[in-house]
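Chemist: A predicted structure for the sequence below; I have some questions about it.
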Amino acid sequence: MRIITLLLLLWMTCLGTPICHGDEMADLLTGFDDEAAVVEETGELDQLLDGFDDTPGQQEKENISPPLLPSWLELQGSLSLQTAVGFARKSPPKNTPDYRGLSMFRTRGELIGDITLDTWQARVGTRGFYDAAYSLDDRSDYTHKMLNEYEQELEITEAWIQTALGDHLDFKTGRQIVVWGKSDNIRITDILNPLDGRQPGMLDIRDLRLPVAMSKLDFYTGNWNISTMVIHEPRFNKTPVYNGEFYPGAAPAPPEDAPSMSLGNQQFAIALNGVFSGWDLSIYSACVFDNQAHVDATATSGPVRRYSRIKMGGISADIALGNWLFKTEAALLHGLNFYAVPDKEYSRFDSLMAMEYNGFTEMNISIELANRHLFDFDPRLEALPDGQMQNLFQSVLRVNRDFMHDTLHLTMLCSLYGVSGEDGAFERYQVEYDVRDNVMVKGGVVFYQSGDVVAFQNSGDNDRLFFELEYRF
(Lines give C-alpha, C1' and ligand atoms only; values in the text may rest on other atoms or scores of the structure.)
Protein backbone atom coordinates (compact mmCIF):
# COMPACT_ATOMS: atom_id res chain seq x y z
CA MET A 1 0.00 0.00 0.00
CA ARG A 2 2.81 2.42 0.80
CA ILE A 3 4.26 1.91 -2.70
CA ILE A 4 0.94 2.98 -4.22
CA THR A 5 0.80 5.92 -1.78
CA LEU A 6 4.27 7.06 -2.82
CA LEU A 7 3.43 6.79 -6.53
CA LEU A 8 0.24 8.74 -5.96
CA LEU A 9 2.16 11.41 -4.05
CA LEU A 10 4.78 11.60 -6.82
CA TRP A 11 2.15 11.84 -9.57
CA MET A 12 0.19 14.58 -7.75
CA THR A 13 3.41 16.41 -6.93
CA CYS A 14 4.35 16.39 -10.58
CA LEU A 15 0.92 17.87 -11.32
CA GLY A 16 1.69 20.62 -8.79
CA THR A 17 -1.28 19.77 -6.54
CA PRO A 18 -0.97 20.58 -2.73
CA ILE A 19 -1.81 17.39 -0.85
CA CYS A 20 -1.31 18.15 2.86
CA HIS A 21 0.66 20.36 5.20
CA GLY A 22 2.35 20.38 8.63
CA ASP A 23 1.25 17.70 11.07
CA GLU A 24 -0.78 15.92 8.43
CA MET A 25 2.33 15.30 6.40
CA ALA A 26 4.21 14.08 9.45
CA ASP A 27 1.39 11.66 10.31
CA LEU A 28 1.20 10.42 6.79
CA LEU A 29 4.91 9.61 6.64
CA THR A 30 5.00 7.99 10.06
CA GLY A 31 6.92 4.73 9.94
CA PHE A 32 9.23 5.50 7.06
CA ASP A 33 12.10 5.79 9.54
CA ASP A 34 11.13 2.53 11.19
CA GLU A 35 13.88 0.03 10.34
CA ALA A 36 11.71 -3.00 11.02
CA ALA A 37 9.02 -1.69 8.70
CA VAL A 38 11.62 -1.19 6.03
CA VAL A 39 12.86 -4.76 6.37
CA GLU A 40 9.32 -6.12 6.26
CA GLU A 41 8.41 -4.02 3.27
CA THR A 42 11.59 -5.04 1.51
CA GLY A 43 10.58 -8.68 1.75
CA GLU A 44 7.17 -7.86 0.31
CA LEU A 45 8.80 -5.93 -2.53
CA ASP A 46 11.14 -8.81 -3.34
CA GLN A 47 8.14 -11.06 -3.82
CA LEU A 48 6.18 -8.46 -5.74
CA LEU A 49 9.02 -7.59 -8.10
CA ASP A 50 10.26 -11.15 -8.52
CA GLY A 51 11.32 -11.66 -12.16
CA PHE A 52 11.67 -7.97 -13.03
CA ASP A 53 15.46 -8.37 -13.01
CA ASP A 54 15.28 -10.52 -16.14
CA THR A 55 16.29 -9.02 -19.44
CA PRO A 56 13.20 -7.69 -21.24
CA GLY A 57 11.78 -10.26 -23.61
CA GLN A 58 14.13 -12.99 -22.39
CA GLN A 59 11.35 -15.42 -21.53
CA GLU A 60 9.59 -14.83 -24.84
CA LYS A 61 12.83 -15.28 -26.79
CA GLU A 62 13.47 -18.61 -25.10
CA ASN A 63 10.15 -19.88 -26.46
CA ILE A 64 10.82 -18.76 -30.07
CA SER A 65 12.39 -21.35 -32.38
CA PRO A 66 15.51 -20.28 -34.24
CA PRO A 67 14.86 -19.22 -37.85
CA LEU A 68 15.06 -21.97 -40.46
CA LEU A 69 16.88 -19.73 -42.95
CA PRO A 70 19.83 -17.40 -42.46
CA SER A 71 19.00 -13.70 -42.31
CA TRP A 72 20.55 -13.05 -45.73
CA LEU A 73 18.24 -15.50 -47.53
CA GLU A 74 14.51 -15.14 -48.22
CA LEU A 75 12.43 -17.73 -50.06
CA GLN A 76 9.05 -17.26 -51.71
CA GLY A 77 7.03 -19.24 -54.18
CA SER A 78 3.69 -20.72 -55.11
CA LEU A 79 1.88 -23.94 -55.94
CA SER A 80 -1.19 -23.89 -58.13
CA LEU A 81 -3.69 -26.00 -60.00
CA GLN A 82 -4.92 -24.57 -63.31
CA THR A 83 -7.74 -25.98 -65.42
CA ALA A 84 -9.49 -24.94 -68.63
CA VAL A 85 -12.53 -26.34 -70.37
CA GLY A 86 -13.36 -25.57 -74.01
CA PHE A 87 -17.04 -25.40 -74.88
CA ALA A 88 -17.26 -24.01 -78.43
CA ARG A 89 -15.42 -26.52 -80.62
CA LYS A 90 -17.10 -29.04 -82.87
CA SER A 91 -16.19 -32.70 -83.16
CA PRO A 92 -12.69 -32.96 -84.73
CA PRO A 93 -11.63 -35.21 -87.62
CA LYS A 94 -10.41 -38.68 -86.77
CA ASN A 95 -6.82 -38.98 -85.43
CA THR A 96 -6.63 -35.28 -84.57
CA PRO A 97 -6.62 -33.67 -81.11
CA ASP A 98 -9.99 -33.16 -79.48
CA TYR A 99 -9.99 -29.82 -77.67
CA ARG A 100 -13.56 -30.12 -76.48
CA GLY A 101 -13.99 -30.40 -72.75
CA LEU A 102 -10.91 -30.48 -70.54
CA SER A 103 -8.00 -28.82 -72.37
CA MET A 104 -5.79 -28.02 -69.34
CA PHE A 105 -5.21 -29.75 -66.02
CA ARG A 106 -1.93 -28.24 -64.96
CA THR A 107 -0.03 -28.31 -61.70
CA ARG A 108 2.44 -25.45 -61.52
CA GLY A 109 5.18 -24.51 -59.06
CA GLU A 110 7.54 -21.59 -58.63
CA LEU A 111 10.38 -21.01 -56.17
CA ILE A 112 12.37 -17.77 -55.81
CA GLY A 113 15.36 -17.16 -53.58
CA ASP A 114 16.45 -13.59 -52.71
CA ILE A 115 19.91 -13.02 -51.23
CA THR A 116 21.10 -9.80 -49.57
CA LEU A 117 24.72 -9.33 -48.44
CA ASP A 118 25.71 -5.76 -47.60
CA THR A 119 25.48 -3.87 -50.92
CA TRP A 120 25.00 -7.06 -52.94
CA GLN A 121 21.62 -8.48 -53.95
CA ALA A 122 20.83 -11.59 -55.94
CA ARG A 123 17.80 -13.56 -57.09
CA VAL A 124 17.47 -17.09 -58.44
CA GLY A 125 14.10 -18.42 -59.54
CA THR A 126 12.80 -21.58 -61.12
CA ARG A 127 9.38 -22.44 -62.49
CA GLY A 128 7.79 -25.54 -63.91
CA PHE A 129 4.51 -27.25 -64.69
CA TYR A 130 3.00 -30.58 -65.68
CA ASP A 131 -0.27 -30.74 -67.60
CA ALA A 132 -2.10 -34.04 -67.08
CA ALA A 133 -4.75 -33.21 -69.70
CA TYR A 134 -2.65 -34.85 -72.42
CA SER A 135 -2.33 -38.09 -70.46
CA LEU A 136 -6.07 -38.12 -69.81
CA ASP A 137 -6.62 -37.76 -73.56
CA ASP A 138 -5.07 -39.87 -76.33
CA ARG A 139 -1.44 -38.73 -76.40
CA SER A 140 -0.94 -40.31 -79.84
CA ASP A 141 -3.06 -37.54 -81.40
CA TYR A 142 -0.44 -34.93 -80.49
CA THR A 143 2.89 -34.26 -82.16
CA HIS A 144 6.13 -34.67 -80.24
CA LYS A 145 6.77 -30.92 -80.44
CA MET A 146 3.26 -30.20 -79.16
CA LEU A 147 3.83 -32.39 -76.10
CA ASN A 148 7.28 -30.87 -75.50
CA GLU A 149 5.84 -27.35 -75.44
CA TYR A 150 2.57 -27.88 -73.58
CA GLU A 151 2.73 -31.02 -71.43
CA GLN A 152 5.63 -30.15 -69.13
CA GLU A 153 8.25 -27.49 -68.61
CA LEU A 154 11.02 -26.62 -66.16
CA GLU A 155 13.23 -23.57 -66.55
CA ILE A 156 15.33 -21.01 -64.76
CA THR A 157 13.43 -17.72 -64.71
CA GLU A 158 15.06 -14.69 -63.12
CA ALA A 159 18.68 -15.27 -62.10
CA TRP A 160 20.66 -12.08 -61.49
CA ILE A 161 23.09 -10.31 -59.18
CA GLN A 162 23.10 -6.57 -58.40
CA THR A 163 25.33 -4.15 -56.52
CA ALA A 164 25.91 -0.43 -56.06
CA LEU A 165 29.14 0.86 -57.61
CA GLY A 166 28.76 4.25 -55.95
CA ASP A 167 26.19 6.72 -54.67
CA HIS A 168 24.74 7.21 -58.17
CA LEU A 169 25.64 4.01 -60.00
CA ASP A 170 24.07 0.50 -59.94
CA PHE A 171 25.10 -2.62 -61.84
CA LYS A 172 22.91 -5.67 -62.49
CA THR A 173 23.67 -8.75 -64.59
CA GLY A 174 21.87 -12.02 -65.29
CA ARG A 175 18.44 -13.10 -66.48
CA GLN A 176 16.02 -10.26 -65.75
CA ILE A 177 12.95 -8.37 -66.90
CA VAL A 178 13.18 -4.71 -68.00
CA VAL A 179 9.87 -3.01 -68.75
CA TRP A 180 9.84 -0.08 -71.15
CA GLY A 181 6.81 2.15 -71.71
CA LYS A 182 3.70 3.09 -69.74
CA SER A 183 1.01 0.87 -71.27
CA ASP A 184 -0.33 -2.09 -69.29
CA ASN A 185 -2.00 -4.00 -72.16
CA ILE A 186 -0.43 -3.05 -75.54
CA ARG A 187 3.29 -3.28 -76.29
CA ILE A 188 4.74 -0.31 -78.18
CA THR A 189 8.18 0.50 -76.74
CA ASP A 190 8.31 -2.59 -74.49
CA ILE A 191 10.47 -4.72 -76.80
CA LEU A 192 13.32 -6.05 -74.64
CA ASN A 193 11.63 -9.15 -73.21
CA PRO A 194 9.78 -11.67 -75.38
CA LEU A 195 6.34 -12.99 -74.44
CA ASP A 196 4.85 -16.42 -73.84
CA GLY A 197 2.01 -16.35 -76.36
CA ARG A 198 1.16 -20.04 -76.48
CA GLN A 199 -2.28 -19.45 -74.95
CA PRO A 200 -3.29 -15.86 -75.80
CA GLY A 201 -5.90 -14.02 -73.77
CA MET A 202 -5.52 -16.04 -70.60
CA LEU A 203 -3.04 -13.79 -68.73
CA ASP A 204 -1.95 -10.14 -68.62
CA ILE A 205 1.28 -9.02 -70.29
CA ARG A 206 3.02 -8.61 -66.92
CA ASP A 207 2.62 -12.36 -66.36
CA LEU A 208 3.82 -13.30 -69.85
CA ARG A 209 7.23 -11.62 -70.07
CA LEU A 210 10.20 -13.97 -70.37
CA PRO A 211 13.45 -13.00 -68.59
CA VAL A 212 16.53 -12.43 -70.75
CA ALA A 213 20.22 -12.52 -69.79
CA MET A 214 21.63 -8.98 -69.91
CA SER A 215 23.96 -6.59 -68.10
CA LYS A 216 22.52 -3.25 -67.03
CA LEU A 217 24.24 -0.12 -65.73
CA ASP A 218 22.06 2.59 -64.13
CA PHE A 219 23.24 6.13 -63.39
CA TYR A 220 21.04 8.38 -61.20
CA THR A 221 21.19 12.15 -60.91
CA GLY A 222 18.39 14.31 -59.57
CA ASN A 223 15.11 13.36 -61.27
CA TRP A 224 16.88 11.53 -64.09
CA ASN A 225 18.13 8.01 -64.67
CA ILE A 226 20.23 6.75 -67.58
CA SER A 227 20.05 3.00 -68.10
CA THR A 228 22.38 1.23 -70.55
CA MET A 229 21.99 -2.44 -71.39
CA VAL A 230 23.92 -5.13 -73.23
CA ILE A 231 21.59 -8.06 -73.96
CA HIS A 232 23.57 -11.28 -74.16
CA GLU A 233 20.83 -13.85 -74.76
CA PRO A 234 18.84 -13.91 -78.00
CA ARG A 235 15.45 -15.12 -76.77
CA PHE A 236 12.19 -14.96 -78.70
CA ASN A 237 8.43 -15.19 -78.33
CA LYS A 238 6.93 -18.56 -77.48
CA THR A 239 4.22 -19.07 -80.09
CA PRO A 240 1.51 -21.71 -80.64
CA VAL A 241 2.86 -24.84 -82.32
CA TYR A 242 1.38 -26.93 -85.10
CA ASN A 243 -1.45 -29.18 -83.97
CA GLY A 244 -2.29 -26.78 -81.14
CA GLU A 245 -5.52 -24.93 -80.47
CA PHE A 246 -4.20 -21.51 -81.46
CA TYR A 247 -1.92 -22.47 -84.36
CA PRO A 248 -3.05 -20.34 -87.34
CA GLY A 249 -2.01 -22.53 -90.29
CA ALA A 250 -2.87 -25.93 -91.73
CA ALA A 251 0.76 -27.04 -92.10
CA PRO A 252 3.78 -27.02 -89.80
CA ALA A 253 5.93 -23.89 -89.78
CA PRO A 254 9.35 -24.03 -91.49
CA PRO A 255 12.33 -24.94 -89.29
CA GLU A 256 13.79 -22.22 -87.13
CA ASP A 257 17.23 -20.68 -87.64
CA ALA A 258 17.60 -18.67 -84.43
CA PRO A 259 20.78 -16.75 -83.57
CA SER A 260 22.85 -18.30 -80.81
CA MET A 261 24.29 -16.65 -77.73
CA SER A 262 27.64 -15.35 -78.96
CA LEU A 263 29.83 -12.25 -78.99
CA GLY A 264 28.62 -11.29 -82.46
CA ASN A 265 24.96 -11.51 -81.43
CA GLN A 266 25.08 -9.03 -78.58
CA GLN A 267 22.19 -6.54 -78.49
CA PHE A 268 22.24 -3.01 -77.13
CA ALA A 269 19.71 -0.64 -75.55
CA ILE A 270 19.68 2.67 -73.69
CA ALA A 271 16.93 4.56 -71.86
CA LEU A 272 16.67 8.04 -70.36
CA ASN A 273 13.98 8.25 -67.66
CA GLY A 274 12.75 11.35 -65.86
CA VAL A 275 10.38 11.22 -62.88
CA PHE A 276 8.77 14.50 -61.86
CA SER A 277 5.86 15.69 -59.75
CA GLY A 278 2.74 14.47 -61.55
CA TRP A 279 4.40 13.33 -64.77
CA ASP A 280 7.09 11.01 -66.19
CA LEU A 281 9.08 11.00 -69.43
CA SER A 282 11.23 8.28 -71.05
CA ILE A 283 13.28 8.18 -74.24
CA TYR A 284 14.51 4.86 -75.68
CA SER A 285 16.91 3.54 -78.30
CA ALA A 286 17.74 -0.09 -79.06
CA CYS A 287 19.41 -2.39 -81.57
CA VAL A 288 17.94 -5.84 -80.89
CA PHE A 289 16.58 -8.94 -82.59
CA ASP A 290 12.90 -8.86 -83.52
CA ASN A 291 11.00 -11.07 -81.07
CA GLN A 292 8.80 -12.39 -83.89
CA ALA A 293 10.24 -14.55 -86.69
CA HIS A 294 9.71 -14.06 -90.40
CA VAL A 295 9.91 -16.73 -93.11
CA ASP A 296 12.99 -16.47 -95.32
CA ALA A 297 12.62 -18.21 -98.69
CA THR A 298 16.11 -17.32 -99.95
CA ALA A 299 17.92 -20.01 -97.94
CA THR A 300 19.50 -22.73 -100.08
CA SER A 301 18.03 -25.47 -97.89
CA GLY A 302 14.49 -24.14 -98.29
CA PRO A 303 12.26 -21.76 -96.28
CA VAL A 304 13.38 -21.14 -92.71
CA ARG A 305 12.23 -18.86 -89.93
CA ARG A 306 14.74 -16.13 -89.08
CA TYR A 307 14.88 -13.20 -86.70
CA SER A 308 15.83 -9.79 -88.09
CA ARG A 309 18.02 -7.34 -86.21
CA ILE A 310 15.97 -4.17 -85.89
CA LYS A 311 16.63 -0.64 -84.68
CA MET A 312 14.11 1.19 -82.53
CA GLY A 313 13.78 4.73 -81.26
CA GLY A 314 10.89 5.54 -78.96
CA ILE A 315 9.36 7.82 -76.37
CA SER A 316 6.75 7.43 -73.63
CA ALA A 317 5.16 9.81 -71.15
CA ASP A 318 2.34 9.97 -68.64
CA ILE A 319 0.72 12.76 -66.65
CA ALA A 320 -1.68 12.62 -63.69
CA LEU A 321 -4.52 15.15 -63.51
CA GLY A 322 -6.80 14.57 -60.54
CA ASN A 323 -8.43 11.15 -60.93
CA TRP A 324 -7.17 10.86 -64.51
CA LEU A 325 -3.91 9.39 -65.77
CA PHE A 326 -3.02 10.04 -69.43
CA LYS A 327 -0.37 8.01 -71.25
CA THR A 328 1.27 8.11 -74.65
CA GLU A 329 3.91 6.05 -76.46
CA ALA A 330 5.51 6.09 -79.89
CA ALA A 331 8.19 3.96 -81.55
CA LEU A 332 9.86 3.90 -84.97
CA LEU A 333 11.23 0.50 -85.96
CA HIS A 334 13.53 -0.15 -88.92
CA GLY A 335 14.89 -3.39 -90.36
CA LEU A 336 11.71 -5.51 -90.60
CA ASN A 337 11.88 -8.36 -93.13
CA PHE A 338 9.07 -10.32 -94.79
CA TYR A 339 8.63 -13.42 -96.91
CA ALA A 340 6.84 -11.83 -99.89
CA VAL A 341 9.45 -9.09 -100.48
CA PRO A 342 12.74 -10.64 -99.32
CA ASP A 343 15.05 -8.01 -100.80
CA LYS A 344 13.70 -5.04 -98.83
CA GLU A 345 13.80 -3.85 -95.23
CA TYR A 346 10.68 -2.12 -93.94
CA SER A 347 10.02 0.53 -91.32
CA ARG A 348 6.97 0.79 -89.06
CA PHE A 349 5.64 3.53 -86.81
CA ASP A 350 3.72 2.39 -83.70
CA SER A 351 1.79 4.87 -81.56
CA LEU A 352 -0.49 4.69 -78.53
CA MET A 353 -2.76 6.92 -76.50
CA ALA A 354 -4.31 5.76 -73.23
CA MET A 355 -6.19 7.05 -70.22
CA GLU A 356 -7.16 5.70 -66.82
CA TYR A 357 -9.86 6.91 -64.44
CA ASN A 358 -9.76 6.17 -60.70
CA GLY A 359 -12.57 8.42 -59.48
CA PHE A 360 -14.94 5.61 -58.55
CA THR A 361 -14.62 3.82 -55.21
CA GLU A 362 -12.46 0.67 -55.51
CA MET A 363 -12.70 0.84 -59.31
CA ASN A 364 -10.29 1.48 -62.18
CA ILE A 365 -11.19 1.99 -65.86
CA SER A 366 -8.59 2.20 -68.62
CA ILE A 367 -8.77 2.59 -72.40
CA GLU A 368 -5.80 2.12 -74.72
CA LEU A 369 -5.78 2.89 -78.47
CA ALA A 370 -2.86 1.96 -80.72
CA ASN A 371 -2.02 1.93 -84.41
CA ARG A 372 0.87 0.29 -86.29
CA HIS A 373 1.63 1.87 -89.68
CA LEU A 374 3.87 0.01 -92.13
CA PHE A 375 5.65 2.38 -94.55
CA ASP A 376 5.95 1.65 -98.30
CA PHE A 377 3.31 -1.04 -97.99
CA ASP A 378 3.19 -3.72 -100.66
CA PRO A 379 -0.13 -5.59 -101.11
CA ARG A 380 1.80 -8.86 -101.41
CA LEU A 381 2.49 -8.64 -97.67
CA GLU A 382 -1.17 -9.33 -96.89
CA ALA A 383 -0.89 -13.01 -97.84
CA LEU A 384 0.39 -15.71 -95.49
CA PRO A 385 2.88 -16.31 -94.03
CA ASP A 386 3.37 -12.53 -93.63
CA GLY A 387 -0.25 -11.52 -92.95
CA GLN A 388 0.65 -7.81 -92.67
CA MET A 389 -1.60 -4.75 -92.85
CA GLN A 390 -0.68 -1.22 -93.78
CA ASN A 391 -2.47 0.02 -90.64
CA LEU A 392 -3.29 -2.30 -87.76
CA PHE A 393 -5.56 -0.68 -85.19
CA GLN A 394 -5.89 -2.15 -81.69
CA SER A 395 -7.98 -1.06 -78.72
CA VAL A 396 -8.21 -2.39 -75.17
CA LEU A 397 -10.86 -1.65 -72.56
CA ARG A 398 -10.13 -2.81 -69.03
CA VAL A 399 -12.31 -2.48 -65.92
CA ASN A 400 -11.16 -3.58 -62.43
CA ARG A 401 -13.40 -3.49 -59.34
CA ASP A 402 -12.63 -4.62 -55.77
CA PHE A 403 -15.18 -5.72 -53.18
CA MET A 404 -15.29 -7.09 -49.63
CA HIS A 405 -12.35 -5.10 -48.25
CA ASP A 406 -10.17 -5.78 -51.32
CA THR A 407 -10.50 -9.55 -51.11
CA LEU A 408 -12.78 -9.99 -54.15
CA HIS A 409 -11.46 -8.70 -57.48
CA LEU A 410 -13.47 -8.50 -60.70
CA THR A 411 -11.75 -7.90 -64.06
CA MET A 412 -13.16 -7.33 -67.54
CA LEU A 413 -10.66 -7.10 -70.40
CA CYS A 414 -11.68 -6.58 -74.01
CA SER A 415 -8.99 -6.50 -76.73
CA LEU A 416 -10.00 -5.69 -80.32
CA TYR A 417 -8.04 -5.63 -83.59
CA GLY A 418 -9.75 -3.39 -86.10
CA VAL A 419 -12.38 -0.84 -85.20
CA SER A 420 -14.97 -3.42 -84.11
CA GLY A 421 -12.84 -6.55 -83.74
CA GLU A 422 -13.17 -7.63 -87.36
CA ASP A 423 -9.44 -8.43 -87.47
CA GLY A 424 -9.59 -10.55 -84.30
CA ALA A 425 -10.57 -10.11 -80.67
CA PHE A 426 -10.86 -11.68 -77.24
CA GLU A 427 -12.78 -10.82 -74.08
CA ARG A 428 -11.90 -12.10 -70.62
CA TYR A 429 -14.22 -11.94 -67.61
CA GLN A 430 -12.52 -12.94 -64.38
CA VAL A 431 -13.28 -13.24 -60.66
CA GLU A 432 -10.48 -13.60 -58.10
CA TYR A 433 -11.00 -14.16 -54.37
CA ASP A 434 -8.36 -14.06 -51.64
CA VAL A 435 -9.46 -16.85 -49.31
CA ARG A 436 -6.52 -16.00 -47.04
CA ASP A 437 -3.42 -13.88 -47.43
CA ASN A 438 -1.67 -16.80 -49.09
CA VAL A 439 -4.57 -18.67 -50.74
CA MET A 440 -6.31 -17.46 -53.89
CA VAL A 441 -9.01 -18.87 -56.15
CA LYS A 442 -9.72 -17.51 -59.62
CA GLY A 443 -12.19 -18.34 -62.33
CA GLY A 444 -13.71 -16.89 -65.45
CA VAL A 445 -14.42 -17.21 -69.15
CA VAL A 446 -12.59 -16.13 -72.31
CA PHE A 447 -14.33 -15.53 -75.66
CA TYR A 448 -12.35 -15.41 -78.92
CA GLN A 449 -13.21 -13.98 -82.33
CA SER A 450 -11.34 -14.95 -85.49
CA GLY A 451 -9.97 -12.28 -87.83
CA ASP A 452 -7.31 -11.37 -90.38
CA VAL A 453 -4.55 -10.94 -87.78
CA VAL A 454 -2.40 -14.05 -88.05
CA ALA A 455 -2.62 -14.89 -84.34
CA PHE A 456 -6.45 -14.92 -84.49
CA GLN A 457 -7.07 -16.72 -87.78
CA ASN A 458 -7.86 -19.97 -85.99
CA SER A 459 -9.07 -18.76 -82.60
CA GLY A 460 -12.81 -18.32 -82.91
CA ASP A 461 -13.69 -21.78 -81.55
CA ASN A 462 -11.40 -21.63 -78.53
CA ASP A 463 -13.86 -20.12 -76.03
CA ARG A 464 -13.17 -21.57 -72.61
CA LEU A 465 -13.90 -21.57 -68.91
CA PHE A 466 -10.90 -21.49 -66.61
CA PHE A 467 -10.22 -22.01 -62.91
CA GLU A 468 -7.14 -21.68 -60.72
CA LEU A 469 -6.34 -22.47 -57.09
CA GLU A 470 -3.06 -21.01 -55.82
CA TYR A 471 -1.14 -21.25 -52.57
CA ARG A 472 1.64 -18.70 -51.99
CA PHE A 473 4.43 -18.99 -49.45
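Modeler: Cool, got the structure.

Chemist: Next up, phi/psi of the residue most central in space within the chain, please.
Modeler: Centroid check for the chain by CA atoms, centre = their mean gives R206 as the closest residue, at 3.7 Å. The main-chain torsion angles of R206 are listed as degrees, to the nearest 10 and equal phi -60, psi -20.

Chemist: So L413 belongs to a strand, correct?
Modeler: Yes - the assignment for L413 is a strand, going by DSSP: H, G, I helix; E, B strand; the rest coil.

Chemist: list the contacts for it?
Modeler: Applying CB atoms under 8 Å, 6 or more residues apart in numbering, we find L413 in contact with N185, D204, V396, L397, R398, E427, R428, Q430. Any C-beta I mention is one placed from the backbone N, CA and C, and that applies to glycine too.

Chemist: burial of the third one, as a residue count?
Modeler: Read that as V396. Applying other CB atoms under 10 Å, we find 19 other residues in the vicinity of V396.

Chemist: pretty sure it contacts M355?
Modeler: No - applying CB atoms under 8 Å, one finds V396 not in contact with M355, separated by 11.7 Å.

Chemist: List the residues that are in contact with both of the two.
Modeler: Both V396 and M355 are contacted by S366, I367, under the criterion CB under 8 Å, 6+ apart.

Chemist: Let's see which of the contacts of L413 end up in strands.
Modeler: Judged by DSSP state E, the subset of these located in strands is V396, L397, R398, E427, R428, Q430.

Chemist: can I assume L192 sits in a helix?
Modeler: No - for L192, which was evaluated using three-state DSSP, the result is coil, with no helix membership.

Chemist: That one - nearest residue in space that isn't next to it in sequence?
Modeler: Among residues not flanking L192 along the chain, V178 sits closest, at 5.0 Å (CB to CB, 6 or more residues apart in numbering).

Chemist: And the one you found, how close does it get to A370?
Modeler: Using CB to CB, to the nearest Å, one gets 21 Å for the distance from V178 to A370.

Chemist: now do A297
Modeler: A297 sits 30 Å away from A370 when distances are taken as CB to CB.

Chemist: got it, and A320?
Modeler: In this structure, A320 and A370 are 21 Å apart, going by CB to CB.

Chemist: One more: E329?
Modeler: To A370, E329 is 8 Å away according to CB to CB.

Chemist: Kindly list the longest strand within the protein.
Modeler: Criterion DSSP E: the longest strand present in the chain is strand 101-117.

Chemist: other SSEs contacting that one?
Modeler: Contact partners of strand 101-117 among helices and strands, from 3 or more CB pairs under 8 Å, 6 or more residues apart in numbering; DSSP states H and E: strand 73-86, strand 120-131, helix 133-136, strand 152-166.

Chemist: Tell me which residues of the longest one come out buried.
Modeler: Right, the one you point to is strand 152-166. For strand 152-166, a neighbour-count test (16 or more other CB atoms under 10 Å) marks E153, T157, E158, A159, W160, Q162 as buried.

Chemist: so who does the fifth one touch?
Modeler: Shown here is W160, whose contacts under the criterion CB under 8 Å, 6+ apart are A122, R123, K172, T173, G174, R175, Q176.

Chemist: List the single closest residue to R306 in space, sequence neighbours excluded.
Modeler: Of all residues beyond its chain neighbours, the one nearest R306 is D296 (4.6 Å), with distances taken as CB to CB, 6+ apart.

Chemist: before we move on, which element is the closest residue to F426 other than its chain neighbours in?
Modeler: The shortest distance from F426 to any residue that is not its chain neighbour, by CB to CB, 6+ apart, is 3.9 Å, and that residue is G201. Secondary structure here is read from DSSP states H and E; on that basis G201 sits in neither a helix nor a strand.

Chemist: Mind pulling the model confidence for G201?
Modeler: Model confidence at G201, given as pLDDT, is 93.

Chemist: isn't it right next to Q449, touching?
Modeler: No - under the criterion of CB under 8 Å, G201 lies out of contact with Q449, with a separation of 10.5 Å.

Chemist: list residues touching both of these two?
Modeler: Overlap between the contact sets of G201 and Q449, as judged by CB under 8 Å, 6+ apart, is given by F426.

Chemist: thinking again about what came up before, hmm, I191 and the residue nearest to L192 touching each other?
Modeler: No - in this structure, V178 is not within contact of I191 by CB under 8 Å, at 10.1 Å.

Chemist: higher neighbour count, the two?
Modeler: When neighbours are counted by other CB under 10 Å, V178 and I191 differ, and I191 comes out ahead with 22 against 18.

Chemist: Now for L147, which secondary structure element holds it?
Modeler: Of the helices and strands defined by DSSP H and E, L147 is found in helix 144-150.

Chemist: That helix - what's its average pLDDT?
Modeler: pLDDT averaged over helix 144-150 equals 92, rounded to a whole number.

Chemist: so what's S347 up against?
Modeler: Listed by CB under 8 Å, 6+ apart, the contact set of S347 reads L332, L333, H334, G335, L336, L374, F375, D376.

Chemist: Okay, and which of the residues you listed map to strands?
Modeler: By the criterion of DSSP E, membership of those in strands covers L332, L333, H334, G335, L336, L374.

Chemist: okay, the residues you listed in TSV with neighbour count next?
Modeler: Supplementary listing: those in TSV, determined by neighbours: other CB atoms under 10 Å:
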residue	neighbour count
L332	15
L333	21
H334	14
G335	17
L336	18
L374	20
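
Chemist: Pick the one among those closest to V445.
Modeler: Top of the list for closeness to V445, among these and by CB to CB, is L374 at 34.1 Å.

Chemist: excluding its backbone neighbours, what's nearest that closest one?
Modeler: Closest residue in space to L374, ignoring its immediate chain neighbours: R348 at 5.0 Å, by CB to CB, 6+ apart.

Chemist: what sits against the closest residue to H294 other than its chain neighbours?
Modeler: Nearest non-adjacent residue to H294, counting by CB to CB, 6+ apart: N337, 5.0 Å away. Counting by CB under 8 Å, 6+ apart, N337 makes contact with H294, D296, R306, S308, E345, Y346.

Chemist: measure the second one to Q457 for me?
Modeler: Which is D296. Distance check for D296 against Q457: by CB to CB, it reads 21 Å.

Chemist: before we move on, what about the fourth one?
Modeler: Distance check for S308 against Q457: by CB to CB, it reads 22 Å.

Chemist: Alright, calling it a day.
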